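Visitor: predicted coordinates and the sequence they were generated for:
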Amino acid sequence: MQIFHHVQSIREALGAERKAGKTIGFVPTMGNLHDAHLELVKIAQQHCDVVAVSIFVNPLQFGLNEDWDKYPRTFDADTQRLRGVNCDYLFYPDETEIYPNGMAEQTRVVVPTMTDVLCGASRPGHFEGVTTVVCKLFNIVQPDVAVFGIKDFQQLAVIRRMVEDLCMPVEILAGEIYRESDGLAMSSRNGYITPQERPKVSVLNRALNTAREAIIKGEKDFHALEVAAKEAIQAAGFKVDYFSICNSKTLEPAANDDEEITLLGAMFTNAARLIDNVSLHLGEPNSAE
C-alpha cells in the first residue's frame, strides 16, 4: 500500500493508473477503522482495479461543542488493517492540505432541504462540511466508484443528490450496516459508550425493527409508531434526538403510498450520539430488508 500526504502526489499516482486503463475505487473515511470500513474497501475492490482510501478527520463537519478534538486517531492501526485487505493507496492529508486558504475562506458545497432535517436539524452546518470535503476528495481522487456505508443513511442520500445535481462522473455504491451481536451498528463512536450503558444501547435498533414490523403488517399511523419508538428509547434511559419514518429518496416524512421507506433514529448516551436505520420496500413480496 502506498501512502500519500499531498494532493499533487496522489493525483499523479492515480493518474498513472488511469492512463494504464485501470478503474479507481474510493472509500473516504475519518479513520479509526473497524470491520464495516473494511467491507466498504472490499466492495470497491469488487468493482474497480485499484482502490484508494482517505483518512481525514474533517473539522468542517464538526459543530461547536462536538468531539473533533477527541475523535479517535488510530493511524498505525488503520494502516495495518488496510494492508490486511490489500488496499492500494492511502491518502492521509493534514488540514492545511485540504483547506489551504483556511476553513473560513473555503468555498462551500450546499445541498438544500435534505440537510435541514434529521441529523442536520441537531447538527447545523454538518452536512455542508460533509459535502464540501467529499466534493474536494472526489476532485482529488477522481474515482469511478465511491463507497459509503448505509449506517449514515442521510449522508448517503445527500451525497447521491450532490453527485446527481453537479453531474459528477462517480458511481455511488452503498455498503450494508455491520452490527455487533446485539444489533448495535458498528461505529467509531461506540468506544464512547460506558460499560453501564452498553447492555441497553440496542434499544435503538429494537425500536426501529419493531416499527418496521408494524408497517409490514399494515400499520399506517406513522406518527403513532414514531411516538412509541421514542417512548421505548426514553424508557431505556436515553435522550432521543429523532425517530422519523421517511421517504427513502427525499427524506421527507413518508406518505402512506410510498413504496420505499426508511426509518431513521438517533439517540444520545452520556458521551456518544448513536444513529441507525432500517429500510422497507413495500408492495413487493418479502419487502423487509
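Guide: Nice, thanks for sending it over.
Visitor: quickly find the element holding L204.
Guide: With elements delineated by DSSP states H and E, L204 resides in helix 203-216, which encompasses its position.
Visitor: how about L274?
Guide: Short version, using DSSP H and E: L274 is in strand 273-281.
Visitor: could you confirm V133 falls within a helix?
Guide: Yes - counting by DSSP: H, G, I helix; E, B strand; the rest coil, V133 is part of a helix.
Visitor: for K239, see how far away it is.
Guide: Distance of V133 to K239, given as Cβ to Cβ, to the nearest Å: 28 Å. Placement of C-beta: from N, CA and C, glycine included.
Visitor: between the two, which one's more packed in?
Guide: A side-by-side neighbour count of V133 and K239, using other Cβ atoms under 10 Å, places V133 first with 22 against 12.
Visitor: for the residue nearest to that one when sequence neighbours are not counted, give me its contacts.
Guide: Across the structure, with Cβ to Cβ, 6 or more residues apart in numbering as the measure, the residue nearest V133 apart from its sequence neighbours is N58 (4.6 Å). When the contact criterion is Cβ atoms under 8 Å, 6 or more residues apart in numbering, the partners of N58 are 30, 98, 129-130, 133.
Visitor: most neighbours, which of those residues?
Guide: The residue in the contacts of N58 with the most neighbours, by other Cβ under 10 Å, is V130 (26 neighbours).
Visitor: and the closest residue to it other than its chain neighbours, how many neighbours?
Guide: Across the structure, with Cβ to Cβ, 6+ apart as the measure, the residue nearest V130 apart from its sequence neighbours is Q61 (5.0 Å). For Q61, the number of neighbouring residues by other Cβ under 10 Å comes to 21.
Visitor: repeat that for C87.
Guide: Residue neighbour count, defined by other Cβ under 10 Å, stands at 23 for C87.
Visitor: and for the one 4 residues further on?
Guide: The number of residues packed near F91 is 26, by other Cβ under 10 Å.
Visitor: what's the answer for T23, then?
Guide: Summarising burial for T23: neighbours were counted as other Cβ under 10 Å, giving 16.
Visitor: contact partners for it?
Guide: Taking Cβ under 8 Å, 6+ apart as the definition, contacts of T23 comprise 47-50, 144-145.
Visitor: M30 versus the residue nearest to V133, what's the distance?
Guide: Separation of N58 from M30 (Cβ to Cβ): 7 Å.
Visitor: in stretch 238-252, what's buried?
Guide: The neighbour-count criterion (16 or more other Cβ atoms under 10 Å) identifies 238, 240-248, 251 as the buried residues of stretch 238-252.
Visitor: for this structure, just list every one of the strands.
Guide: The residue ranges that make up the strands of the chain, judged by DSSP state E, are 2-4, 24-29, 50-55, 89-91, 145-149, 171-175, 239-247, 260-268, 273-281.
Visitor: P199 is nearest to which of those?
Guide: Closest approach to P199 among the strands of the chain (Cβ to Cβ): strand 273-281, 14.1 Å.
Visitor: which other helices and strands contact that closest one?
Guide: Strand 273-281 makes packing contacts with helix 203-216, strand 260-268 when contacts are defined by 3 or more Cβ pairs under 8 Å, 6 or more residues apart in numbering; DSSP states H and E.
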